[in-house]
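*Asks:* with the sequence up front, the predicted model follows.
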Amino acid sequence: MENKPCARRFGDIVQAIGNTPLVELKSLSPKEGVRIWAKMESFNPTGSVKDRVARALIEHAEENNLIKPGQTILEPTSGNTGIALAMIAKRKGYKLKVVMPDNVTQERTQLLQMYGAEIVYSPGDQGSNGAVAMAVEMAAADPSVYMPYQYGNPANPLAHYNGTAKEILQDLDGEVDAFVAGLGTGGTLMGNARRFKEELGDRVKIVAAEPMQGEPVQGLRSLDDGFIPEIIDLTLLDRKIFVTNRDAVIWTRKLLDEEGMFVGVSSGAIASIAVRIANEMDSGNVVFIVCDDGWKYLSSGVYTLPVDEVENLDSTVWW
Amino acid sequence: MAKIRIPPVIRPSVGGEREVVASGATVGEVLNALAGDYPEVKTQLFADDGELNRYVNVYLNDEDVRVLDGLDTAVSDSDSLQILPAMAGGSR
């Protein structure tokens, strides 16, 4: 049972991160010969792929003597990285302060508070760009904090290069033809893409699904307020496709209704692109990332209301 | 004529329109036609070297043209282009 999910024992919750299940989507696979697989990162201890990243960021800082016990870690996040950092920081004896847009779901705030993190809110209409800008300013003004900065820290993609990608290759005996993940910091896409391209060459297509931020979230004063994470290398991508919040919610419901998967809204968006790519193939394996579980979105009504009755669909940061 | 959807940050430069049309056989031709109609847009969309401004993403229907053939990506009359500012997004 070595390396099989939920079948090992661990001395600590942080050690239980990773080795997540790979689950086939039989109902949503559009044709025989093309198999769609969900990498269930929602099975991580805090319910998201960001457990891997948070652990890697903190271990990188510890190995390089960048943080001391009791020191405050500061990080911009739309939620999942913050929640994962908060859990690990609490286990390891660090303080955590996160900068987060004020238009995320209330569960994110509750989870962060539950793990003892301090929250500073950034203007929601600036999306995550606003959180990044505010955190960078705060870190510059206070040398006592340590900012891992997931948008520019190579430890972020390395968590996937050394973890997620290896597990997928192992579970599919190296037979990966397309990989679809969400584009946020770029860590998931870059880390997995590097490993897959190195091992499989051009056989594997790397596809980014990205949120089409609703207009209420595009609150930039000018294009100079735009933001591209430093770790992103577009040459590793074969396709980059946006998904509207409406389609993301529709597909989140499809995963629930047709596959029994209770996952977050970004995973619905990513699944929609995985099925589209599968439709374009004749045979092979399509793998997509389920970033997080659905618990953090329950209050929004995305699982129970008709999509047109979901409040603030375009002004919420869902990803 | 391809449809071009304009994000809020650029709308003041196109008379407040949410959507405009312009002709051209490639993304570059369509965007240059747009810049011809609305000169203020030119410096917003293009860098000095004539390539897309770093913080401008242009999508052919829903696919980022930078990952296709860039400004040389072919456009037909039934296509729509979406201009979007580069925003941090995803499951962070």
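*Replies:* The structure has been received and is ready for your questions.

*Asks:* which parts of chain B are helices?
*Replies:* For chain B, applying DSSP state H gives helices covering B:27-37, B:40-45.

*Asks:* could the ones you listed be laid out in JSON lines, adding mean pLDDT?
*Replies:* Shown next, in JSON lines, are those (pLDDT from 0 to 100):
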{"stretch": "helix B:27-37", "mean pLDDT": "97"}
{"stretch": "helix B:40-45", "mean pLDDT": "95"}
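
*Asks:* deepest of the ones you listed, which one?
*Replies:* Highest mean neighbour count of the helices of chain B: helix B:27-37, a mean of 20 (counted as mean count of other Cβ atoms under 10 Å in any protein chain shown). Just so you know, the C-beta spots here come from the backbone N, C-alpha and C atoms, and that holds for glycine as well.

*Asks:* could you report the neighbour count for residue A:109?
*Replies:* 17 (other Cβ atoms under 10 Å in any protein chain shown).

*Asks:* could you confirm it falls within a helix?
*Replies:* Yes. Residue A:109 forms part of a helix when assessed by DSSP: H, G, I helix; E, B strand; the rest coil.

*Asks:* identify the residues contacting it.
*Replies:* Counting by Cβ atoms under 8 Å, 6 or more residues apart in numbering or on different chains, residue A:109 touches A:100, A:119.

*Asks:* against chain B, how distant is it?
*Replies:* Distance from residue A:109 to chain B, counting by Cβ to the nearest Cβ, to the nearest Å: 15 Å.

*Asks:* need the pLDDT of the residue in the stretch 101-250 of chain A that chain B sits nearest to.
*Replies:* Relative to chain B, the nearest point of the stretch 101-250 of chain A is residue A:184 (1.9 Å; Cβ to the nearest Cβ). Note on residue A:184: pLDDT of 90.

*Asks:* tally up the residues packed near it, please.
*Replies:* By other Cβ under 10 Å, neighbour count at residue A:184 equals 30.

*Asks:* ok, it touching residue A:292?
*Replies:* No. Counting by Cβ atoms under 8 Å, residue A:292 is not a contact partner of residue A:184; they are 11.5 Å apart.

*Asks:* bridging residues for residue A:288?
*Replies:* Beta-bridge partners for residue A:288, by DSSP bridges, are residue A:38, residue A:180.

*Asks:* ok, it to residue A:180 distance?
*Replies:* For residue A:288, the distance to residue A:180 equals 4 Å [Cβ to Cβ, to the nearest Å].

*Asks:* shared neighbours of those two, anything?
*Replies:* A:270, A:273, A:274.

*Asks:* who wins on neighbours among those?
*Replies:* Neighbour max across the shared contacts of residue A:288 and residue A:180 (other Cβ under 10 Å) = residue A:270, 33 neighbours.

*Asks:* residue A:132 should be in a helix, yeah?
*Replies:* Yes. Counting by three-state DSSP, one finds residue A:132 located in a helix.

*Asks:* distance of it from residue A:267?
*Replies:* In terms of Cβ to Cβ, residue A:132 sits 23 Å off from residue A:267.

*Asks:* ok, the two, which is more surrounded?
*Replies:* Between residue A:132 and residue A:267, residue A:267 has the larger neighbour count (other Cβ under 10 Å), namely 33 against 25.

*Asks:* secondary structure element holding that one?
*Replies:* Residue A:267 belongs to helix A:265-280 when assigned by DSSP states H and E.

*Asks:* got the buried residues for that helix?
*Replies:* Neighbour counts over helix A:265-280 (16 or more other Cβ atoms under 10 Å in any protein chain shown) mark A:265-278 as buried.

*Asks:* close to chain B: what parts of the stretch 101-250 of chain A are there?
*Replies:* A:127-129, A:131-132, A:150-151, A:182-186, A:188, A:208, A:210-213, A:215, A:217-229, A:234, A:237-243 (Cβ under 8 Å from any Cβ of the partner chain).

*Asks:* cutoff 6 Å now
*Replies:* Neighbours of chain B within the stretch 101-250 of chain A, by Cβ under 6 Å from any Cβ of the partner chain: A:127-129, A:132, A:182-185, A:210-211, A:213, A:215, A:218, A:220, A:223, A:226-228, A:234, A:237, A:240-242.

*Asks:* are any of those buried, and if so which?
*Replies:* Using 16+ other Cβ under 10 Å as the burial test, those include A:127-129, A:132, A:182-185, A:210-211, A:213, A:218, A:220, A:223, A:226-227, A:237, A:240-242 as buried.

*Asks:* take those residues and keep only those in strands.
*Replies:* In this view, these that belong to strands under DSSP state E are A:182, A:210, A:211, A:240, A:241, A:242.

*Asks:* may I have the beta-bridge partners of the third one?
*Replies:* Read that as residue A:211. residue A:243.

*Asks:* do you know the pLDDT at it?
*Replies:* 88.

*Asks:* okay, now the residue nearest to residue A:132 when sequence neighbours are not counted: neighbour count?
*Replies:* Using Cβ to Cβ, 6 or more residues apart in numbering or on different chains and skipping the chain neighbours, the partner closest in space to residue A:132 is residue A:76 (4.6 Å). By the criterion of other Cβ under 10 Å, residue A:76 has 30 neighbours.
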